[in-house]
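Q: Based on what follows, work out the 3D shape:
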Amino acid sequence: MDKQMTLDCCRGCEQNFYNGNNPFNVKRCWHFNKTEIVTRFKLSIDCPMNQKSGYVKVKVPSCYQQKRYVFMKDIPDYAK
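A: All right, here's what the predicted structure looks like:
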């Protein structure tokens, strides 16, 4: 069964600032009600993209963003 979207899913996301973690009285990120949990491959920007061992399979919201990481739908074919 797929994971249900909760605020815990937003931890670590740059946009989590908008889930009540701001001085502007913004209570909910505008992506929250429209997103879904998806499988992505997380890669640090410090790791070469052709190094397959650098990709980590994770389940995150489809809108998830984290500093110094990219989230890709698939591992590129050229990664060895």
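
Q: Report the beta-bridge partners for the closest residue to Val58 other than its chain neighbours.
A: Counting by C-beta to C-beta, 6 or more residues apart in numbering, Val58 lies nearest to Lys42, which is 5.0 Å off, once chain neighbours are set aside. C-betas here are computed from N, CA, C, even on glycine. Lys42 has the following beta-bridge partners by DSSP bridges: Val56, Phe71.

Q: mind listing the strands for the chain?
A: Secondary structure of the chain (DSSP state E): strands located at 37-44, 56-61, 69-72.

Q: rewinding a little: for the residue nearest to Val58, give me the pLDDT.
A: Here the pLDDT value assigned to Lys42 is 98.

Q: quick one, what contacts it?
A: By C-beta atoms under 8 Å, 6 or more residues apart in numbering, the contact set of Lys42 is Tyr55, Val56, Lys57, Val58, Val60, Gln66, Tyr69, Val70, Phe71.

Q: what do you get for Val70?
A: Val70 touches Lys42, Leu43, Ile45, counting by C-beta under 8 Å, 6+ apart.

Q: distance of the residue nearest to Val58 from Val70?
A: Distance of Lys42 to Val70, given as C-beta to C-beta, to the nearest Å: 8 Å.
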